[in-house]
Every structure is written in C-alpha cells, then in structure tokens.
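**Q** Coordinates only, no sequence provided:
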C-alpha cells in the first residue's frame, strides 16, 4: 500500500512518500496553518491515489524537485504565464471543493484573472516576465477600457490580487527565481467620500419611506440609526434579535448573492444596542416578515435581497428625486450615522465599535473633522492665569 503522510519542519509543510523504492520528502512552500494543512492533506490524497494506480507523474506535482533526476526527468518544465495561471486556477478550484475558499472570493478573483488573460504577458515565459511588464500591466488596468475610462485605485487593487497570488505561488514552487509579486503593489486608495445627510434630510427620507414603501422603512431606519453596512442589513435575521436586551447580533453578510457566516473583519462581528428611536420601527416591521421568513427583509419572491443595488434602483433613487434631495448613494447612511452620532456627543470609541471598525485609527482618519473643536485654536493659554510672564524662564503660573 502506498502511504503518503503530511508533516511539518520548521514551520513549513511537506509530504512524505515512497516512489519506486525511494523515500521522498517534498516541501510545498506553505506555512503551517490549518487551511494549508487541509490543502496538503488533499494533495497527499491525490498523490497516494495515483501511486496506487501506477499513474503518478513526479514532474506534474513537483516540477522543480531535485529528485527528478533519480526518476529520469532532468529538464525543468518551463511554463508560460498562462499555463501556470491555469494550473493555479485548478488548485483554487480544489480549495473550493475542500471548503477552504468560498465561491464569492473565487468569483472576485475571476474578474482579475480574466483581465490577466488579456495581458501581453499571458503567452510569455513566466521566467521572462520583468518588473516593467508588471508596471505596464498596472498602467493598463488604471487606464480602463481603451484608455478612455480610468478605474479607481480600489478597483485596480482588486484586479491585481490574482496576479499577485499567481506570481507568489510560482516563486514558492520555485518555478521562478524572483518574487515578482512584490512589484504588483496596491495603489494608494482614494480618500473616502463622506457626504452625510442632515438631520432634516434623514427625517424627510424616513417619513417618505414609511408612507411610500412601508415594508422597507425599517431598512433605511437601521442604516441611519445603527451605521450597519448594507451587506449586513440585507442579511439580517429575526433570530439574531435579543428583544429582552434590545440587541442585534451582527455575524452574517450577503455579498453578491452569497450569504457568508462571517463579517468583513473580526471587529465587525459584534452586538449592536438598538437605540430607542428604532424600537417602534422594528415592532411595526414584524407584520411584513416575522414568522413568515427567517430574514427581516425580503423581495417579492420572499427571498433575501442578493445585493443592495436593487433596493437603490427601485426605492432609494426615486425617493431622493421625489423629495428633491441631492443624490448620494445608500452607503452614505453609514457615514451619516457616524457624523450625527459625533454631533450628538457619543463617545468616538463607542461609535467605532458599533460600526465595526477594525480600529480607532480608521474612525478618526475618516471622521475627525466632524469632532467638535478638532480645528479649534489650542486651549493651552487657558492654563496660564495672567498670560506668560516676561521672564518665562524663571516662573510660570498654572491654574490649580
């Protein structure tokens, strides 16, 4: 029986097996993590199966192994970028099958992958790719279609992810000699566009939604009064409410139609205390979905909304147009909550925690200018009773 085992040496995973009477130990270039272990175990299963069937191709699994010469394989396989990218994509599919990667992330990678297929270095030998090639590709992405529509830096960064992962993988497998992934650097993200609504505008919007679209009135009230992300709101479930403590547990999102039992960051997994102003709206909304669906908000097919775009097109945009309120996207409800909470005197730490920010630095970077006195003159003069004395080197009086 061919037996393939997985092991760890100095934090790096390897697999060990016997092939043609020779004991082999091959490192995978992976750190010892739970997910990487599962990947290694799946790989070991494939190797063991092919060893038993007599179809094992050493060069296929370990093209750069020093043991290839022992088995009559002396030439190192040279991949084109496209050939190696296809191999990387096949491994990615295996990770999905093993539950190590969700399909939403995979779909996100595919957008960038398809762009790489259009690149000039797709058919180029992967070892011939240079820093300049990668920089030219980043420029190509930034220019947009035919150079007419420039892409935002955030979009470019998302499209670069699969390129960076492919190059990193090729380096770790020793397919290429240099770590070219370091040249696929993320561009600096643009400043977050914060354009909050006023208290009067919030009142107008909520009053209109209550009259025109009562089944979604709570959706917008939650956006303004809790600062939850849109992906979190459309994923809300009744069982996550604790009505004894007036708390809602945020631990699920819906992104591109796929529900994920994990939030954007660890800090995003949180309990939110529902403000008193919101409680009557929650109670009133029960007539629409409570005991009818596990989800708080559903579409005409009694299913949760797959993405916020539909809500924006069908309800948000028409409402702002009817009310004569300058258009801002629905995400501004979240920014509005932050700004109005600051104005109301809430502790910045509590606001950041409620919104699920990963750290206070993010909160202050975005909203510091709205904090009272942020740009005011220093109050250090108030510490001195009669101003600075002439001989300030010898005596300074401070208030008790």
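**A** Yep, it's here. Quick caveat, the model's predicted, so the values are computed rather than measured.

**Q** Counting neighbours, what do you get for the closest residue to residue 67 other than its chain neighbours?
**A** Nearest residue to residue 67, sequence neighbours excluded (CB to CB, 6 or more residues apart in numbering): residue 24, at 5.8 Å. Just so you know, the C-beta spots here come from the backbone N, C-alpha and C atoms, and that holds for glycine as well. Neighbour count of residue 24, defined by other CB atoms under 10 Å: 19.

**Q** Quick check: beta-bridge partners of residue 24?
**A** Beta-bridge partners for residue 24, by DSSP bridges, are residue 17.

**Q** cool, residue 80 as well?
**A** Bridge pairing for residue 80 - DSSP bridges - gives residue 125.

**Q** mind listing what it touches?
**A** When the contact criterion is CB atoms under 8 Å, 6 or more residues apart in numbering, the partners of residue 80 are 122, 123, 124, 125, 126.

**Q** Do you know the pLDDT at residue 189?
**A** Model confidence at residue 189, given as pLDDT, is 71.

**Q** Could you verify my assumption that it touches residue 154?
**A** Yes: in terms of CB atoms under 8 Å, residue 189 counts as a neighbour of residue 154; the distance is 5.4 Å.

**Q** coming back round to it: ok, the residue nearest to residue 67 to residue 297 distance?
**A** Between residue 24 and residue 297 the computed distance is 56 Å (CB to CB, to the nearest Å).

**Q** How about residue 275?
**A** The spacing between residue 275 and residue 297, counted by CB to CB, is 19 Å.

**Q** Tell me which of the two has more neighbours.
**A** Neighbours per residue (other CB under 10 Å) separate residue 275 from residue 297, with residue 297 holding more: 21 against 13.

**Q** could you pull out the helices for the stretch 51-200 of the chain?
**A** Taking DSSP state H, counting those that start in this stretch, the helices of the stretch 51-200 of the chain run over residues 58-61, 81-97, 103-117, 131-143, 153-172, 199-212.

**Q** List of residues touching the helix or strand of the chain with the lowest mean pLDDT?
**A** For the chain, counting by mean pLDDT, DSSP states H and E, helix 360-367 ranks last in confidence among helices and strands (a mean of 79). Outside helix 360-367, the residues within contact range by CB under 8 Å, 6+ apart are 192, 194, 335, 338, 339, 342, 348, 349, 351, 352, 355, 357.

**Q** Torsion angles phi and psi at the last one?
**A** Dihedral angles of residue 357 (phi, psi; degrees, to the nearest 10) stand at phi -70, psi 140.

**Q** What is the burial count for it?
**A** Neighbour tally, residue 357, other CB under 10 Å: 23.

**Q** Repeat that for the fifth one.
**A** Residue neighbour count, defined by other CB under 10 Å, stands at 23 for residue 339.

**Q** Likewise for the fourth one?
**A** Neighbouring residues of residue 338 were enumerated by other CB under 10 Å; the total is 23.

**Q** List the contacts of it.
**A** 196, 227, 351, 355, 363, 366, 367, 370 are the contacts of residue 338 under CB under 8 Å, 6+ apart.

**Q** What's the ChimeraX line that selects buried ones from the contacts of residue 80?
**A** The ChimeraX selection below is limited to those of those classed as buried (16 or more other CB atoms under 10 Å):
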select :126
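
**Q** Out of the contacts of residue 80, which is nearest to residue 47?
**A** residue 126 (23.9 Å; CB to CB).

**Q** The closest one reaches residue 79, doesn't it?
**A** Yes: the criterion here is CB under 8 Å, and residue 126 meets it with residue 79 at 5.0 Å.

**Q** From residue 35, how far out is the closest residue to residue 167 other than its chain neighbours?
**A** Using CB to CB, 6+ apart and skipping the chain neighbours, the partner closest in space to residue 167 is residue 181 (4.0 Å). With distances taken as CB to CB, residue 181 is found 19 Å from residue 35.

**Q** Mind checking which of the two has more residues around it?
**A** Neighbours were tallied for residue 181 and for residue 35 using other CB under 10 Å; the higher tally belongs to residue 181 (20 against 14).

**Q** measure the more buried one to residue 256 for me?
**A** 26 Å.

**Q** still on that earlier bit, residue contacts, the residue nearest to residue 167?
**A** Residues near residue 181 by CB under 8 Å, 6+ apart: 163, 164, 165, 167, 168, 171.

**Q** for the stretch 51-200 of the chain, which spans come out with low pLDDT?
**A** Along the stretch 51-200 of the chain, the parts satisfying pLDDT under 70 run over 74-77, 145-149, 190-192.

**Q** no wait, the stretch 201-350 of the chain
**A** Applying pLDDT under 70 to the stretch 201-350 of the chain picks out residues 262-268.

**Q** Which stretches in it count as helices?
**A** Going by DSSP H, counting those that start in this stretch, the stretch 201-350 of the chain shows helices at 217-226, 230-233, 279-289, 309-311, 317-323, 332-344, 348-355.

**Q** Give me the contacts around the last one.
**A** What it means is helix 348-355. For helix 348-355, the surrounding residues in contact (CB under 8 Å, 6+ apart) are 226-228, 267, 270, 272-273, 334, 337-338, 341-342, 359-360, 362-364, 367, 371.

**Q** Just the buried ones from those residues?
**A** Neighbour-count burial (16+ other CB under 10 Å) applied to the contacts of helix 348-355 gives 226, 227, 228, 270, 272, 334, 337, 338, 341, 342, 363, 367.

**Q** domain ranges for this structure?
**A** 5-71, 81-90+97-183, 199-370 (automatic domain parsing).

**Q** Can you give me the neighbour number for residue 129?
**A** Using other CB under 10 Å, residue 129 has 21 neighbouring residues.

**Q** how about the residue lying closest to it once chain neighbours are set aside, what does it touch?
**A** Using CB to CB, 6+ apart and skipping residues adjacent in sequence, the residue nearest residue 129 is residue 121, 5.3 Å away. Residue 121 makes contact with 81, 129, 133, 137 under the criterion CB under 8 Å, 6+ apart.
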